[in-house]
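K.L.:
dropping the sequence and predicted coords here.
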Amino acid sequence: MAQAVVEPAVRELMQQCADGQEPSTTVTLRGDDFNMCAHVRVRPTAPGQVRVSLACWVVNMDTARYFGSNPPSEDETRLPPDGTAAPDESLTSRVIGHLAARMHALDTPRPDDDGHLAVTVPLAAT
């Protein structure tokens, strides 16, 4: 997931944040019976550096079918306050660990203010 969908999204957001904005997006990796989702946020922190925040979760299609909403309802695929999805700490930790290694992070992943994990990466990583 880190290489396939999250890293390309981070690189695109890094280009967008050059003007001081804090862009974000949600990306999805679809499987047969699940969707892995990641909310990605990028913000400039210092010259030549950005902070990448990440939260990941899984939408299980079999569970959605069992409970009667097939496909899952829209709110199941979004984090609060817009949805009901809950971040999966283990998945988030693994994905941001891979992302940190691939993008030569300047620090170790740490919790962000809102339940995301965050690392600082150099802009040169783009």
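P.N.:
Sure thing, it's come through. Because the structure is a prediction, the values reported are computed rather than measured.

K.L.:
contacts and neighbour counts: CA atoms only from here.
P.N.:
Fine.

K.L.:
other SSEs contacting the helix or strand encompassing V27?
P.N.:
Using DSSP states H and E, the element containing V27 is strand 24-30. Under the contact criterion of 3 or more C-alpha pairs under 8 Å, 6 or more residues apart in numbering; DSSP states H and E, strand 24-30 touches helix 7-16, strand 34-46.

K.L.:
what angle do the biggest helix by length in the chain and strand 34-46 make?
P.N.:
Using DSSP state H, we find that the single longest helix of the chain is helix 89-102. Put simply, helix 89-102 runs at 50 degrees to strand 34-46, going by axes from the mean of the first three to the mean of the last three C-alpha atoms, to 10 degrees.

K.L.:
now the element after helix 89-102, going C-ward?
P.N.:
strand 110-111.

K.L.:
any idea of the mean pLDDT for stretch 48-55?
P.N.:
When pLDDT is averaged over stretch 48-55, the result is 94.

K.L.:
only the buried residues of that stretch, if you could.
P.N.:
With burial defined by 16 or more other C-alpha atoms under 10 Å, the residues of stretch 48-55 counted as buried are Q49, V50, R51, V52, S53, L54, A55.

K.L.:
so which of those are in strands?
P.N.:
Using DSSP state E, the subset of the buried residues of stretch 48-55 located in strands is Q49, V50, R51, V52, S53, L54, A55.

K.L.:
can you tell me, leaving aside adjacent residues, what's nearest to the last one?
P.N.:
Taking C-alpha to C-alpha, 6 or more residues apart in numbering, and ignoring the residues beside it in sequence, A55 has H116 as its nearest neighbour in space, at 4.8 Å.

K.L.:
so where's this structure uncertain?
P.N.:
Along the chain, the model assigns pLDDT under 70 to residues 62-72, 125-126.

K.L.:
wait, what's in contact with L99?
P.N.:
Counting by C-alpha atoms under 8 Å, 6 or more residues apart in numbering, L99 touches A2, Q3, V6, E7.

K.L.:
ok, it to T120 distance?
P.N.:
Using C-alpha to C-alpha, to the nearest Å, L99 is found at 11 Å from T120.
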